[in-house]
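K.L.:
the sequence isn't on hand, but the structure is:
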């Protein structure tokens, strides 16, 4: 039976928390992202949560939520198992899209670009900062692979704990590390009344950026 959407316009209140003009946005999207990220700290439960979209060699897309672990002029960094579905997709198609959605601020940021692995030193440094249980989990979990049951996963964790006893715990496994999304485009979306939202798109233009306003 087809489910009919019973929602009405009253279920979606108008956006009225802010505006985004060219003068306020400035010429550098990374600087603007930094300001928005700082403003999200107090308002958003987890400002680092971002949707990561990839596509495999056949063009099949997939999306999931990952956590931003750092950003600078080079791009946006997250960490994962290289043998996971996203890792395998990035091996054959090293391009991705990111989406930050901060409803409390009525804001979105969309990023598209090429992807490369961060260097081993950066991955080692971040892995060493993770809680001990998360480090064991990275060794134990064959991410995205089929498991017979929860007990099988817990047995793999126990094996990792026995192999690398605390307090030192395990080093970073070779199949785990970071990726950096180097942005070719960054779009900032600020909700506005009557669905007349502000959308500013920054495109790479040589060594700088070109800024465009998009219709909502």
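P.N.:
The structure has been received and is ready for your questions. Here the structure is a predicted model, which is why all the values come from computation and not from measurement. Numbers count the residues shown, from 1 in each chain.

K.L.:
quick one: secondary structure of residue 113?
P.N.:
Of the three states, residue 113 takes strand according to DSSP: H, G, I helix; E, B strand; the rest coil.

K.L.:
what does residue 180 give?
P.N.:
Classification of residue 180 by three-state DSSP places it in strand.

K.L.:
partner residues bridging it?
P.N.:
Counting by DSSP bridges, residue 180 is bridged to residue 77, residue 116.

K.L.:
right, and it touches residue 77 too?
P.N.:
Yes - with contact defined as CB atoms under 8 Å, residue 180 and residue 77 form a contacting pair (5.1 Å). C-beta here means a position set from N, CA and C on the backbone, and glycine is covered the same way.

K.L.:
give me the common contacts of those two.
P.N.:
Contact criterion CB atoms under 8 Å, 6 or more residues apart in numbering; residues bridging residue 180 and residue 77 by contacting each: residue 118.

K.L.:
pLDDT below threshold where in the chain?
P.N.:
For the chain, the stretches with pLDDT under 70 are 1-12.

K.L.:
for the residue most central in space within the chain, give the beta-bridge partners.
P.N.:
Nearest to the geometric centre of the chain sits residue 50, at 3.6 Å (CA atoms, centre = their mean). In this entry, residue 50 is beta-bridged to residue 66, by DSSP bridges.

K.L.:
which residues in the chain form helices?
P.N.:
22-25, 29-43, 85-92, 120-129, 132-140, 150-163 (DSSP state H).

K.L.:
can you say which of those is nearest to residue 68?
P.N.:
Nearest to residue 68 among the helices of the chain is helix 29-43 (8.4 Å), distances taken as CB to CB.

K.L.:
buried residues of that closest one, list them for me.
P.N.:
Neighbour-count burial for helix 29-43 flags 29, 30, 32, 33, 36, 37, 40 (criterion: 16 or more other CB atoms under 10 Å).

K.L.:
also stretch 46-57?
P.N.:
By neighbour count with 16+ other CB under 10 Å, stretch 46-57 contains the buried residues 47, 48, 50, 52, 53, 54, 55, 56.

K.L.:
contact partners for the second one?
P.N.:
Contacts for residue 48 (CB under 8 Å, 6+ apart) come out as 67, 68, 69.

K.L.:
just the buried members of these?
P.N.:
Looks like the contacts of residue 48 have residue 68 buried, using 16+ other CB under 10 Å.

K.L.:
make TSV from the contacts of residue 48 and add distance to residue 116 to it.
P.N.:
Shown next, in TSV, are the contacts of residue 48 (distance: CB to CB, whole Å):
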residue	distance to residue 116
67	19
68	16
69	15
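
K.L.:
for the contacts of residue 48, which one is nearest residue 17?
P.N.:
residue 68 (22.2 Å).

K.L.:
which non-adjacent residue is nearest the closest one?
P.N.:
Sequence neighbours aside, residue 48 is the residue nearest to residue 68 in space, at 4.4 Å (criterion: CB to CB, 6 or more residues apart in numbering).
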